[in-house]
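S.K.: Pasting the sequence and the predicted coordinates here, then a few questions.
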Amino acid sequence: MRKDDIVGLVMAALSSAAVLIALGMVFLYAPREATMGDVQRIFYFHVASAWVGFFGFFVTFLAGIAYLARQERRWDILALSSVEIGLTFIAMAVVTGSLWARPAWGTYWTWEPRLTISAVQLLIYISYVMLRAAIENPQQKARFAAVYGIVAFVTVPLSWFAIRWWRTIHPDILTGGEGMALTARMVHTLLVSLGAFTLLYFTLLRQRVRLERAADALAGLKEHLSPIAYRESRIADRESRIADR
Amino acid sequence: MSFLRKVWAIFAKDIAAELHTREMVSAMLVFSVLALLIFSFALDLRGAMARAAAPGVLWVTVTFAGTLGLSRSLAREQQSGCMDGLLLAPVDRSAIFFGKALGNLAFMAVVEIVLLPLFAALFDVPLLRPGVLLVMALGTLGYSAVGTLLAAIAVNTRAREVMLPILLLPLAVPLLIAAVQATAALVEGATLAEAGGWLRLLVVYDLVIIAVSMLTFGYVVEE
């Protein structure tokens, strides 16, 4: 087995174990929340998903800057891999938030600031993926995606302030019971969940980057082996032989 | 030629081109009036309802009309080959950005100058206040800046006009929230100081977006 594959296997095993430990802690170690009961246990994975989502978009932002500075394909691969993983996790955060809202506040959706900004991020990066899909030229695709990833990320703090002030000006009765008091065990469980999801992010990121590199290599081989390329190389050969004579 | 002269030259070119055809501003204007009509049917805009919904209706109309003009403005450059000419000319990429953004700002401003009194008259909402005009100016500035950058991206994609609103609207969320809230407060008779938080957010948005767009515009237009 190649060294690369072994690293991948080890990372996959570690992150599986970490997620299982986190899951165990969520159900067995963390105490039952006083007012919301067992429903609150979704909180640990919900927060961890949101964290990985935002972290993924941050990595895309950095990779975008690196791409514009260096114009190297690997930064574009990193940006697109990180966005896809970030999108998956932010979607999980929105869905788990909505599942949590139903029993806790009696509605599937509340315009709670953190939930709202996650939904806004989800939409922004869906647009990012659509943008990539709408451009043919690979260099142009990478450049435009880098610019969009940068502009999109700088609006995150602005969105956050805007949404938070907007909600405080119109106080939502449903989210009145915010400010959950966390006990020490809850904090431990949350930290382990955050760690496990972060590890999972890096494992997935590594695999996604390798997948994209393999796709690049395949595209290169196809180009090389296509009938036209083959014929052209034969013609070039013959011409060079004629020239030699 | 100084930087400002170059920006001015590009801006003047856009104004001159628009004065010939008047297609962009007229399309935005007709669209805005139609939008008001649709909104008044959809929301039954009378009395207290009109006052409550006015800021939202106004800003939705302005932003949607803005996307029409923005995509047209950059598509025109692309089709006529004018963008290639601009790129060959010895001007800084950021000068092209500022010239185009100023042009778009001017077109949106013309639409707003007609729209605001019409809106105020039709729905009896006190929009013609200095504070509201300031909010309109700040909001339109940021919107045309980020819109110019994203329209330059959108015209190079396969989906073209469809792509611009998809790229632009999610990034305009903070701008829209701040503009609508500030307008609402000012319509309700708040002083500028009371709406100060939202105004500051608008100013920060404008500054951040203009800085980032200026830095990245060169990468968008280069071949």
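M.R.: In hand now; what should we look at?
S.K.: CA atoms for contacts and neighbours, from now on please.
M.R.: Will do.
S.K.: quick one: contacts for the residue nearest to residue A:190 when sequence neighbours are not counted?
M.R.: Using C-alpha to C-alpha, 6 or more residues apart in numbering or on different chains and skipping the chain neighbours, the partner closest in space to residue A:190 is residue A:44 (5.2 Å). Applying C-alpha atoms under 8 Å, 6 or more residues apart in numbering or on different chains to residue A:44 gives the contacts A:26, A:189-190, A:193-194.
S.K.: Okay, residue A:44 and residue B:80: tell me how far apart.
M.R.: The gap separating residue A:44 from residue B:80 is 55 Å, by C-alpha to C-alpha, to the nearest Å.
S.K.: Same question for residue A:131.
M.R.: To residue B:80, residue A:131 is 24 Å away according to C-alpha to C-alpha.
S.K.: more crowded one of those two?
M.R.: The neighbour count for residue A:131 versus residue B:80, taken as other C-alpha atoms under 10 Å in any protein chain shown, is higher for residue A:131 (23 against 10).
S.K.: measure the more buried one to residue A:208 for me?
M.R.: 19 Å.
S.K.: Which other helices and strands does the helix or strand containing residue B:117 contact?
M.R.: Element membership for residue B:117, per DSSP states H and E: helix B:93-123. With contacts defined as 3 or more C-alpha pairs under 8 Å, 6 or more residues apart in numbering or on different chains; DSSP states H and E, helix B:93-123 has these neighbours: helix B:3-21, helix B:23-43, helix B:47-80, helix B:130-154, helix B:196-221.
S.K.: What residues sit buried inside stretch A:125-136?
M.R.: Across stretch A:125-136, burial judged by 16 or more other C-alpha atoms under 10 Å in any protein chain shown covers A:125-128, A:131-132, A:134-135.
S.K.: where does residue A:31 land in three-state SS?
M.R.: coil (DSSP: H, G, I helix; E, B strand; the rest coil).
S.K.: Spatially nearest residue to residue 206 (excluding sequence neighbours)?
M.R.: Let's take chain A. Nearest to residue A:206 is residue A:8, by C-alpha to C-alpha, 6+ apart, at 7.7 Å.
S.K.: wait, chain B
M.R.: Computed as C-alpha to C-alpha, 6+ apart, the closest residue to residue B:206 that is not its neighbour in sequence is residue B:142, at 4.5 Å.
S.K.: residues from chain B in reach of chain A?
M.R.: B:150, B:153, B:156-159, B:163, B:166-167, B:170-171, B:173-174, B:177-178, B:181, B:201, B:205, B:208-209, B:212-213, B:216, B:219-220, B:223 (C-alpha under 8 Å from any C-alpha of the partner chain).
S.K.: rewinding a little: got a list of what the residue nearest to residue B:206 touches?
M.R.: Contacts of residue B:142 (C-alpha under 8 Å, 6+ apart): B:175, B:202, B:205-207, B:209-210.
S.K.: picking that back up, element containing the residue nearest to residue A:206?
M.R.: Using DSSP H and E, residue A:8 falls in helix A:3-24.
S.K.: Buried residues in that helix, which are they?
M.R.: Across helix A:3-24, burial judged by 16+ other C-alpha under 10 Å covers A:11-12, A:14-16, A:18-19, A:22-23.
S.K.: now swap in stretch B:92-101 and tell me
M.R.: So for stretch B:92-101, counting by 16+ other C-alpha under 10 Å, buried means B:93-101.
S.K.: Give me the distance from that stretch to the chain's centre.
M.R.: On the basis of C-alpha atoms, centre = their mean, to the nearest Å, stretch B:92-101 sits 16 Å off its chain's mean C-alpha point.
S.K.: Repeat that for stretch A:195-202.
M.R.: Relative to its chain's centre, stretch A:195-202 lies at 11 Å (C-alpha atoms, centre = their mean).
S.K.: so where do the helices sit in chain A?
M.R.: Using DSSP state H, the helices assigned to chain A run over residues A:3-24, A:42-70, A:73-105, A:113-133, A:138-169, A:184-225, A:227-244.
S.K.: And those helices: which comes nearest residue B:110?
M.R.: helix A:138-169 (27.3 Å; C-alpha to C-alpha).
S.K.: does the closest one come close to chain B?
M.R.: Yes: applying C-alpha under 8 Å from any C-alpha, one finds helix A:138-169 in contact with chain B at A:140, A:143-144, A:147-148, A:151-152, A:154-155, A:158-163, A:166.
S.K.: could you give the angle of that helix to helix A:42-70?
M.R.: Orientation of helix A:138-169 against helix A:42-70 (axes from the mean of the first three to the mean of the last three C-alpha atoms, to 10 degrees) gives an angle of 140 degrees.
S.K.: what is the orientation angle of helix A:138-169 with helix A:73-105?
M.R.: Here helix A:138-169 runs at 30 degrees with respect to helix A:73-105, directions being taken by the same axes, to 10 degrees.
S.K.: What is helix A:138-169 packed up against?
M.R.: Secondary elements touching helix A:138-169 (3+ C-alpha pairs under 8 Å, 6+ apart): helix A:42-70, helix A:73-105, helix A:113-133, helix B:173-187, helix B:196-221.
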